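Engineer: Okay, here's the prediction I keep looking at, along with the sequence it came from:
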Amino acid sequence: MDEIVDFVVKLVGDMGYIGIFVMMFLESSFFPFPSEVAMVPAGYLASRGEMSLVAAWLAGAGGSLAGALFNYAIGHKLGRPFLQRYGKYLLLKEESLEKVEEFFAKYGHPSTFWGRLVPGVRQYISLPAGIGRMHIPSFALYTFLGAGIWCAVLLGLGYFLGENEEQIKEYLHIILAIVMVLVVAVFFYYRSKAQRSTKAADNIERE
């Protein structure tokens, strides 16, 4: 696992700010990518003088905003019926959609700010905002502020733990282990689903 952690830190360093932007775009959209993998190593590299803390923050917050606008566009253009029917292909369960819709309904437009700080809500809060056709400038402002705080926290964690490389590696071990478990779980979920669909089709043909 140490080799994987070293690889991730090196990858962030090699990809630079564009890599941070892309990874945070993915994290902010429907793709299940943990923001910690991008921002914590960036903070660590900044503590060593290999990255600019401000530039890394701008890349992270900018990528988060871009991913959120992507989700907003999906909700705005395609609407709830599309997400109910095809959301599973975007790794979005109907229960998750209902959860973020309730959060949006409860807290209103500022939920696009607070939602950026809540795990399980952060990635999807843009969808009900798009469905509800929230004013884009307000959406962008709330989203950028919330994402900016989240990125600053992760960068700070990497920066201030940067003096203790073992702590950084221990933290990333946990994150990467979770990512690996999620990847395996998603693989077996879709494999099982495909097998059930095949069996159902075979049964229909036999009948």
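Structural biologist: Received it, and whenever you're ready, just let me know what you need. Numbering: from 1, shown residues only.
Engineer: For L154, report the pLDDT, please.
Structural biologist: According to the prediction, L154 has pLDDT 87.
Engineer: Could you find the closest non-adjacent residue to it?
Structural biologist: Closest residue in space to L154, ignoring its immediate chain neighbours: M39 at 3.6 Å, by Cβ to Cβ, 6 or more residues apart in numbering. Using the backbone N, CA and C atoms, a C-beta is placed for each residue, glycine as well.
Engineer: any idea of the mean pLDDT in the host helix or strand of the one you found?
Structural biologist: Secondary structure from DSSP states H and E places M39 in helix 36-47. Averaging pLDDT along helix 36-47 gives 83.
Engineer: try stretch 161-176
Structural biologist: 56.
Engineer: now stretch 85-93
Structural biologist: On average, stretch 85-93 scores 71.
Engineer: First-to-last residue distance for it?
Structural biologist: One end of stretch 85-93 sits 10 Å from the other (Cα to Cα, to the nearest Å).
Engineer: Would you mind measuring from the residue nearest to L154 to S47?
Structural biologist: 13 Å (Cβ to Cβ, to the nearest Å).
Engineer: G120 now?
Structural biologist: Where S47 is concerned, G120 sits at a distance of 30 Å (Cβ to Cβ).
Engineer: Settle it for me: which of the two has more neighbours?
Structural biologist: Shown here are G120 and S47; by other Cβ atoms under 10 Å, S47 has more neighbours (19 against 12).
Engineer: Isn't the more buried one up against G156?
Structural biologist: No. Between S47 and G156 there is no contact, the gap being 10.1 Å when judged by Cβ atoms under 8 Å.
Engineer: Excluding covalently adjacent residues, which one is nearest to F104?
Structural biologist: Counting by Cβ to Cβ, 6+ apart, the residue nearest F104 is P128, at 4.0 Å.
Engineer: So what's the residue count around that neighbour?
Structural biologist: 26.
Engineer: Might one say that it is in contact with Y107?
Structural biologist: No. Judged on Cβ under 8 Å, P128 makes no contact with Y107 at a distance of 10.9 Å.
Engineer: Assign V121 to helix, strand or coil.
Structural biologist: Per DSSP: H, G, I helix; E, B strand; the rest coil, the secondary structure class of V121 is coil.
Engineer: can you give me phi and psi for it?
Structural biologist: Dihedral pair for V121: phi -110, psi -30, per degrees, to the nearest 10.
Engineer: Just to check, it is in contact with E102?
Structural biologist: No. Assessed by Cβ under 8 Å, V121 is found out of contact with E102, at 9.9 Å.
Engineer: And these two? Which one has more around it.
Structural biologist: Between V121 and E102, V121 has the larger neighbour count (other Cβ under 10 Å), namely 18 against 13.
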